[in-house]
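>>> I'd like to go over a predicted model; first the sequence, then the structure.
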Amino acid sequence: MQSTAAVTRLNHLAIAVPDVRAAAAQYQAVLGARVSEPQALPEHGVTVVFVQLENTKLELLEPLGEASPVAKFLEKNPAGGMHHMCLEVCNVKASMAAVSERVRLLSSEPKIGAHGNPVVFMHPKDMVGVLTELEEVPRS
Ligand SMILES: C[C@@H](C(=O)O)C(=O)SCCNC(=O)CCNC(=O)[C@H](O)C(C)(C)COP(=O)(O)OP(=O)(O)OC[C@H]1O[C@@H](n2cnc3c(N)ncnc32)[C@H](O)[C@@H]1OP(=O)(O)O
Ligand SMILES: [Co+2]
C-alpha cells in the first residue's frame, strides 16, 4: 500500500474573484454569510476574505501584485470561479514526501498560509483538474 498525504478534513474552498470587497458584499447580502476583513498576503500574491460557515470556510481571492497566480486564472475566467480546495494534514512535510513521486508539488518547501499554518499546493493536472492545497493544522 503506497503512503498517502493522509488528509483529514476540508479546510476551505477558494474562489478567485476580480474584486474581493464586492464579492464579500455579495456573499453577505445574498447569503447572509459572515465575512472577514480583507487580508493582503503579498507572499502568496493575493488579498483574501474568509467567509466563515458552520462546517468549513470559503476563501475569496483577489490578485495582489504583478506575479499573482490568480491573475492568470482570472484572464481565463474574468467573472471569477472555483480556484482550489484546501485539505488538512497533520504533518505537511510528511505528506509532501509521501506524494512527491506521484504529483507535482508547486513549491519545494511549504509556505505560511492565511491562517499561519504551513501550506503546499499540488498541480491541478495531477489532481484530476483541481488545484489542491494541503494545510498542516495541529489537531487539538
Ligand atoms: C493564501 C493561501 C491560503 O489558503 O492560505 C492560498 O490559498 S494562496 C492561493 C494562490 N496561490 C496559488 O494558487 C499557488 C499555486 N498555483 C500555481 O502555482 C499556479 O497557479 C498553477 C496552478 C501552477 C498554474 O500556473 P499557471 O497559471 O502559470 O499555469 P497555466 O495558466 O498555464 O495553467 C496550466 C494548466 O493548469 C490549469 N490551471 C491553472 N490554474 C488552475 C486552477 N486553479 N484549477 C484548475 N486548473 C488550473 C490551466 O487551465 C492549464 O490547463 P490547460 O493547459 O489545459 O489550459
Ligand atoms: Co487556500
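Good, I have the coordinates. Residues are numbered from 1 along each chain as shown. Ligands and ions are numbered 1, 2, ... in the order given.

>>> Which of the three states applies to L58?
The three-state assignment at L58 reads strand, by DSSP: H, G, I helix; E, B strand; the rest coil.

>>> what sits opposite it in the beta ladder?
Partner residues in beta bridges with L58: L13, V51, with DSSP bridges as the criterion.

>>> How about L41?
With DSSP bridges applied, L41 shows beta-bridge pairing to V46.

>>> what's it in contact with, if anything?
Neighbouring residues of L41 by CB atoms under 8 Å, 6 or more residues apart in numbering: T47, V48, L64, G113, A114. For every residue, glycine as well, the C-beta is placed using N, CA and C.

>>> Using PyMOL, make a named selection holding only the buried ones among these.
Buried subset of the contacts of L41, written as a PyMOL selection, criterion 16 or more other CB atoms under 10 Å:
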select buried, resi 47+48+64+113+114
